[in-house]
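Q: My questions are about this predicted structure, shown below with the sequence.
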Amino acid sequence: MQSIGTTLAERQFYRRNDGVNALSSIEEGEIPQAVDDLIDNKMYRNKFKSLIRRGHLQDLLDLVEVAQTKERPSRWFATVTAKKCWERTLDFLKKLREVQRVVKEVSQRLRVPSKDVGAVFKAAWRHKQGAIRFAVTAAETGKRHPFGLFCKLALNPKTTTLTA
């Protein structure tokens, strides 16, 4: 039987080594396969290696996920990762993460059908924090169909009073 101190020391050793291996593989020039698949012109690999070294690996992976929903993923990915668009792309990712947080909170408050998650995303993009207030109102007053009331409140073009 191991002591707690030994177990903790082993965990720290593995974490340290995993972190070093992951960092060294990135420094060696490894680009994740999902990102590399979207690079049409392989001459731009150095740009992506540089972005990864600067700490934007998660940003690139999030962009890959969004690109998969587009009609021409590699073209969209190339456009948003262009040097002149990078600051705007970082702003977009910040807003996207906030919208995802709002959608998660709304779905915790209401039972959202899986086919209607897009409506919640639309409401979250439109109203930001106001979508949470609509979800609270719908949960409290919409006894029979709270999600229907949420959609009526959040997606009505005349509703702009509760926006953040």
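A: Now that the structure is in, tell me what you want to look at. Just so it is clear, the model here is predicted, and its values are computed rather than measured.

Q: Flag the helix or strand of this structure with the lowest per-element mean pLDDT.
A: Ranked by mean pLDDT, DSSP states H and E, the weakest helix or strand in the chain is helix 4-27, scoring a mean of 48.

Q: Now residue 113: closest residue in space, sequence neighbours ignored.
A: Nearest-residue entry for residue 113: residue 147, 7.0 Å, with adjacent residues in sequence omitted and distances by C-beta to C-beta, 6 or more residues apart in numbering. Yep, even glycine has a C-beta here, placed from its N, CA and C like the rest.

Q: list the contacts for that neighbour?
A: For residue 147, the contact set (C-beta atoms under 8 Å, 6 or more residues apart in numbering) comprises 110, 111, 112, 113, 116, 138.

Q: Could you say which helix or strand holds it?
A: helix 146-155 (DSSP states H and E).

Q: Now do the buried residues in that helix.
A: Along helix 146-155, these residues count as buried under the neighbour rule (16 or more other C-beta atoms under 10 Å): 146, 147, 149, 150, 151, 153, 154.

Q: what does stretch 35-52 give?
A: Applying a neighbour-count criterion of 16+ other C-beta under 10 Å, one finds 35, 38, 39, 48, 49, 51, 52 buried in stretch 35-52.

Q: can you give me the helices in this structure?
A: With helices called from DSSP state H, the chain shows them at 4-27, 33-38, 45-53, 57-67, 73-80, 86-109, 117-127, 130-141, 146-155.

Q: Which strands or helices does the third one pack on?
A: For helix 45-53, the helices and strands in contact under the criterion 3 or more C-beta pairs under 8 Å, 6 or more residues apart in numbering; DSSP states H and E are helix 4-27, helix 33-38, helix 57-67.

Q: so that helix versus helix 57-67, what angle?
A: Angle of helix 45-53 versus helix 57-67, following axes from the mean of the first three to the mean of the last three C-alpha atoms, to 10 degrees, is 120 degrees.

Q: Show the average pLDDT along helix 45-53.
A: Averaged across helix 45-53, pLDDT comes to 93.

Q: Measure how far it is from the centre of its chain, please.
A: From the chain centre to the centre of helix 45-53 is a distance of 20 Å (C-alpha atoms, centre = their mean, to the nearest Å).
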